[in-house]
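>>> Have a look at this fold, sequence not included:
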Ligand code: PLP
C-alpha cells in the first residue's frame, strides 16, 4: 500500500485487505455493521459471464458507490455545522452541487436525495443542466437552492424564471452585466419576482493551474463598477430587494486556507457593501474550490494536493465571513458553497485491464557467429566495432556505450543507403542491446498496453497533465517486480500515461501472468484509477470512436460479499458511437448485408454462410469498441 501511497489519498474509503486486494469502505470510517467490499469481487461479478450472477459487462468499467456520495455530502455538511456551532455563527450552511462535475442522472438524483435533509441544492451552468436540475429538484427539499450560473440568453433566463413559478428556489446569478436588462424585462413580462445574485470578480488571485478564473483579468464575474451599475438599475426598476446573493469562485483546487480566507474575506466586504446599498442580501455563495488530495501529500504547494481537510476548510470560511460581518454589524448570511470535485471525486473507480506488456527480448545475433557478422560489415563499421571491443577490454564502459552508438548510427545510415541488409541491421541492434544490458544501461521500464482510451476516460491527464492515483486492484501482497508506463488503445502517441503521483515517471507493476494476449482466461491484471468521479466523465471525448466505459452502481449490503449491484449499464456500442458522428448504423448494416449477399460465401468458397456473415456484422455494431477476450470472439464461438 505504501508503494502507491494508498493511505494518503485513499483514506477513509480505500485500503488494502488481507488478500492483497483493494477494499472499499463506502461509509468512510464507519462500517455501519457491514464488512468491507473487495473491489476485485465487484469486477469479477460485473465482467464474468460465466460465474453465477455474473453480468458479462465489457471493460473498462466505472464502479460507482452511492454510499460514498452520501458520506461526502454528510461530511461536508457536518464540517460546516460544526464550524457554525463552534464559532457561534448566526446562520446556517446549505450547499449546492455543480452538475457540470458529473451530470450522470443517478449521481445527481443521489445527491438530491441524500442532501435533502440538509437542503442541499444544485448549480447549473447551461440550459440542459438547468433542465435537469429543475426536474431533479422537484423531488428535493423545497428550500434547496437552484443556482443558475453561466452565460445566459433570454431563453436561459426565461427558463430560470419559469423554475421560480414552479416553486423551485431559483437564483439567477449575473455573470455578465448585460444579463441584468434581460432579467428585469423578462421577469416583468412573465410577472415573476426573481431572486438575483451577482458574481463578483475578486482581486484575490489563486495562482495554481485552476486559478485562471480568478483575479481582475478572470473570465467571469462583474467588476466593482459593474456591480454598482447593476445595483442602480435594479433600484430604478424597483427591484433592489430581488438582489439577495453574492457569488464568487476563485478557482478549483484552492491550495490553502490562507488564500481561501483572503478571498472569502474580500467577498464578505462586498456583501456588506451591498447590504449598505439597500439590497436584501441573504446568501454568500463561495463557489467551488474545495480541493482533493490526489497524491496523499497534504501539501499546499502542489496542484494535485491541498494543505487542509474539510473541518479546516469550513472553519476558515465561517470565520472569515463572521469577522467581516461583525465588524460591519451585518446579519450573518447563509453560507452556500458549490463544491463539485470534493463531493463526487471519490465515489467512482475506473477499472481497466493491462492486456499485454512489452516483453524484455534477450538480444540475439542472427548470424551464425561473430566472425560472420563482422565480415558482413563495411570497413568503417568494422572500425567502430574494433573501438568498442578495445574500450570493453580496457573496462571503459562509458566509452563502450559511445562506440556502440556510433556503430549503430553508422549502420542505420548505411541501411538507408541500401548498403546494409535487414539481417545485418538487426544484428547491430542485437549487439548494441547486449552491450547496454551488460553495462546496466538498458531501459528497465516496460510499456503496459491497457484496454482503455485516455482521451475518453482520463481526459484531464491529456489536456492539463492532471495526475490521478492509479493502482493494481489486486496482487498487492506481492512486491511488483516491474516498472511500467501505460499505453492506451488509441492510435495517438498522446494516449499514454507516463507520469504518476509522487513525481514518478513509471509505475511499479506486476509481471503479467498467462498469455500475452487478450486471452480473457485467468491471469488477468486489473488496474484502478481512483478519485476521477469529477469532470473526467463529463469532459471525455470520442477519439478513435472509443466510447465511455460500462457502469455498475454498487451498494453495501448484507449479502455474502457485502455488496449488491443495483444497476448495470454496458458502455456505448460501436453502433452508438457511430451514431454520435451522424452515421446510421442500421443503414450501414443493410449496405454491408447486401454486399454479403452479393460477394458472400458463393463467391469465395467461404466457410461462413451469408447468414453467419450478417450476424457477425450485426455483432460488431452491437459490441463495445474496446478489446474483447479472444475466447469470447464470435469466430471462436
Ligand atoms: N462553481 C463554479 C462557478 C465553477 O466554475 C466551478 C468549477 O470550476 C465549481 C463551482 C466547482 O468547483 P470545484 O469542483 O473545485 O468544487
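Sure thing, it's come through. The model shown is predicted, which means the values in this text are computed figures rather than measured ones.
>>> Per the annotation, how does the chain divide into domains?
1-64+343-362+445-571, 65-221+240-270+281-342, 370-438, 584-636 (automatic domain parsing).
>>> Including mean neighbour count and mean pLDDT, could those domains go into CSV?
Where C-beta positions appear, they are placed from N, C-alpha and C, glycine not excepted. Output for these, formatted as CSV (neighbours: other CB atoms under 10 Å; pLDDT from 0 to 100):
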stretch, mean neighbour count, mean pLDDT
domain 1-64+343-362+445-571, 19, 91
domain 65-221+240-270+281-342, 20, 95
domain 370-438, 16, 89
domain 584-636, 14, 82
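>>> right, so of the ones you listed, which gets closest to residue 230?
Closest to residue 230 of the domains of the chain is domain 65-221+240-270+281-342 (CB to CB; 5.1 Å).
>>> before we move on, the earlier item: of all the domains of the chain, which one comes closest to the ligand?
domain 65-221+240-270+281-342 (2.0 Å; CB to the nearest ligand atom).
>>> Leaving out chain neighbours, which residue sits closest to residue 342?
residue 290 (4.0 Å; CB to CB, 6 or more residues apart in numbering).
>>> before we move on, the earlier item: adding distance to the ligand, write the domains of the chain out as a markdown table.
Below are these laid out as a markdown table (distance: least, CB to the nearest ligand atom, whole Å):
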| stretch | distance to the ligand |
| --- | --- |
| domain 1-64+343-362+445-571 | 6 |
| domain 65-221+240-270+281-342 | 2 |
| domain 370-438 | 46 |
| domain 584-636 | 29 |
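>>> Looking at the ones you listed, spot the one closest to residue 229.
domain 65-221+240-270+281-342 (6.6 Å).
>>> roughly how far is the closest one from the heart of the chain?
22 Å (CA atoms, centre = their mean, to the nearest Å).
>>> Please apply the same query to stretch 221-228.
Worked out by CA atoms, centre = their mean, stretch 221-228 lies 34 Å from the chain centre.
>>> can you give me the strands in the stretch 301-450 of the chain?
Counting by DSSP state E, counting those that start in this stretch, the stretch 301-450 of the chain has these strands, from start to end: 334-336, 348-357, 445-450.
>>> Helices of the stretch 401-550 of the chain, start to end?
Listed in chain order, the helices of the stretch 401-550 of the chain (DSSP state H, counting those that start in this stretch) span 422-438, 454-457, 459-464, 536-539.
>>> which stretch among those comes nearest residue 403?
So among these, helix 422-438 is nearest, using CB to CB, at 8.8 Å.
>>> Please name every helix or strand in contact with that closest one.
helix 370-376, helix 379-394, helix 397-416 (3 or more CB pairs under 8 Å, 6 or more residues apart in numbering; DSSP states H and E).
>>> With distance to residue 528 added, can I get these in TSV?
Formatted as TSV, these follow (distance: least, CB to CB, whole Å):
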stretch	distance to residue 528
helix 370-376	47
helix 379-394	46
helix 397-416	39
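>>> on that earlier part again, and the residue nearest to residue 342, helix, strand or coil?
Under DSSP: H, G, I helix; E, B strand; the rest coil, residue 290 falls in the coil class.
>>> Who are the contact partners of it?
76, 254, 310, 313, 337, 339, 341, 342 (CB atoms under 8 Å, 6 or more residues apart in numbering).
>>> Go again with 6 Å.
Residue 290 makes contact with 313, 339, 342 under the criterion CB atoms under 6 Å, 6 or more residues apart in numbering.
>>> Spatially central, which residue of this structure would that be?
residue 536 (3.1 Å; CA atoms, centre = their mean).
>>> got the helices of the stretch 401-550 of the chain as a markdown table, with distance to residue 372 columns?
Putting those into a markdown table (distance: least, CB to CB, whole Å) gives the following:
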| stretch | distance to residue 372 |
| --- | --- |
| helix 422-438 | 9 |
| helix 454-457 | 46 |
| helix 459-464 | 48 |
| helix 536-539 | 56 |
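>>> can you tell which of the ones you listed is closest to residue 160?
That would be helix 536-539 among the helices of the stretch 401-550 of the chain, by CB to CB, at 21.5 Å.
>>> And for whichever helix or strand comes after that closest one, what's in contact with it?
Downstream of helix 536-539, the first helix or strand assigned by DSSP states H and E is strand 550-556. Residues from elsewhere that reach strand 550-556 (CB under 6 Å, 6+ apart): 26, 34, 42, 46, 57-58, 61-65, 67, 563-571.
>>> go on, stretch 588-602?
Here stretch 588-602 has contacts from 609, 610, 613, 614, 617, 621, using CB under 6 Å, 6+ apart.
>>> Contacts only, for the fourth one.
Meaning residue 614. For residue 614, counting by CB under 6 Å, 6+ apart, the contacting residues are 593, 596.
>>> Number the chain from 246, please
Renumbered: residue one is now 246, and that last one reads residue 859.
>>> Helix or strand: which one has it?
Assigned by DSSP H and E, residue 859 falls in helix 855-867.
>>> so residue 842, which of the three states?
From three-state DSSP, the assignment for residue 842 is helix.
>>> circling back to that earlier point, out of the helices of the stretch 646-795 of the chain, nearest to residue 647?
helix 667-683 (10.7 Å).
>>> Please work out the angle formed by the directions of that closest one and helix 624-639.
Angle, helix 667-683 to helix 624-639, by axes from the mean of the first three to the mean of the last three CA atoms, to 10 degrees: 20 degrees.
>>> returning to what we had before: gap between the residue nearest to residue 587 and residue 673?
57 Å (CB to CB, to the nearest Å).
>>> Stretch 789-797: end-to-end distance?
For stretch 789-797, the first-to-last residue distance is 24 Å (CA to CA, to the nearest Å).
>>> Kindly report the same for stretch 343-350.
13 Å.
>>> Which residues does it contact?
353, 367-370, 374, 378, 583, 585, 589, 779-780, 782-783.
>>> change it to 7 Å
353, 367-370, 374, 377-378, 533, 583, 585-586, 589, 778-780, 782-783 (CB atoms under 7 Å, 6 or more residues apart in numbering).
>>> Wasn't residue 455 part of a strand?
No - using three-state DSSP, the assignment for residue 455 is helix, not a strand.
>>> wouldn't it be in contact with residue 497 here?
Yes - using CB atoms under 7 Å, residue 455 is in contact with residue 497, at 3.8 Å.
>>> between the strands of the stretch 546-695 of the chain, which gets nearest to residue 626?
strand 690-695 (29.7 Å).
>>> just how off-centre is that closest one within its chain?
21 Å.
>>> Give me the packing partners of it, helices and strands only.
strand 593-602, strand 727-732 (3 or more CB pairs under 7 Å, 6 or more residues apart in numbering; DSSP states H and E).
>>> Now do that strand against strand 727-732, angle only.
Using the same axes, to 10 degrees: strand 690-695 against strand 727-732 is 50 degrees.
>>> So what touches strand 690-695?
597-603, 727-733, 751, 754, 772.
>>> Can you tell me the strand partners of that strand and which way each runs?
strand 593-602 (antiparallel), strand 727-732 (parallel) (DSSP bridges).
>>> Which among these is found nearest to residue 654?
Using CB to CB, these put strand 727-732 closest to residue 654, at 25.8 Å.
>>> Among the contacts of strand 795-801, name the ones in strands.
Those of the contacts of strand 795-801 mapping onto strands are 306, 307, 308, 309, 808, 809, 810, 811, 812, 813, 814, per DSSP state E.
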